[in-house]
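1. Here is my input, please return the structure:
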Amino acid sequence: MTSQQSPEIHMQEIDGQHRMLVTLMTDLHEALKYARATETISDAFDEVVEYTNYHFTVEERLMRESGFPGYLLHKAVHDVVRVQLLDLRAQFENGGRGAVSPATLQFLRDWLISHITAEDEAMARYLDAEAAGSPARVTIH
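-> This is a model prediction of the structure:
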């Protein structure tokens, strides 16, 4: 999947961030799959971790400010992924490129796509309804 094929939730800023995350995860996946230099893989890991933190922080701010009822659950999911990414980064640092499989990164990228189409879509519907001044209904996954 390319960044242009990333699912959209029709929030320009967040959709752009999702495309960037898919691109960064794809770059990391390919760096591992094609046995790029250790420094290249390390840099790609750093970019994924840093940008994921940035993106999650933006989403969490939007949810808090709007009173999104699924905020705590959504943030808990983000927190789990933050820990998983840091664990993968540590595995790579401690064990080299063989310590993290491309399949694991593919799983994370697939998780991101699923998260966008479920949890992030629910957040976007709520924010749209709030902005329109209509009662917001949201299904929490």
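2. Check the gap between His74 and Asp46 for me.
-> Noted for His74: a distance of 25 Å to Asp46, by Cβ to Cβ, to the nearest Å. C-betas here are computed from N, CA, C, even on glycine.
3. Which one of the two is surrounded by more residues?
-> His74 (22 against 13; other Cβ atoms under 10 Å).
4. I'd assumed Glu121 was in contact with that one.
-> No - with contacts counted by Cβ atoms under 8 Å, His74 stays clear of Glu121, the gap being 11.5 Å.
5. Tell me which residues are up against the lowest-mean-pLDDT helix or strand in the chain.
-> One helix or strand of the chain scores below all others by mean pLDDT, DSSP states H and E: helix 102-115, with a mean of 86. Outside helix 102-115, the residues within contact range by Cβ atoms under 8 Å, 6 or more residues apart in numbering are 1, 6-7, 18, 21-22, 25-26, 28-29, 32-33, 77, 81, 84-85, 88.
6. Just the ones in strands from these, please.
-> Among these, no residue falls in strands (DSSP state E).
7. Now, of those residues, which are buried?
-> Neighbour counting over those (16 or more other Cβ atoms under 10 Å) leaves 6-7, 18, 21-22, 25-26, 28-29, 32, 77, 81, 85, 88 as the buried ones.
8. now, among these, which is nearest to Tyr126?
-> Within the buried ones among the contacts of helix 102-115, the smallest distance to Tyr126 is 15.7 Å, found for Val77 (Cβ to Cβ).
9. For the closest one, which non-adjacent residue is closest in space?
-> Glu119 (6.4 Å; Cβ to Cβ, 6 or more residues apart in numbering).
10. that older thread, now tabulate the buried ones among the contacts of helix 102-115 in TSV and tack on distance to Glu59 and pLDDT.
-> TSV is the format used below for those (distance: Cβ to Cβ, whole Å; pLDDT from 0 to 100):
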residue	distance to Glu59	pLDDT
Ser6	15	76
Pro7	15	83
His18	10	94
Leu21	11	94
Val22	15	92
Met25	17	92
Thr26	21	90
Leu28	21	91
His29	23	89
Leu32	27	86
Val77	11	94
Val81	12	93
Leu85	16	91
Leu88	21	90
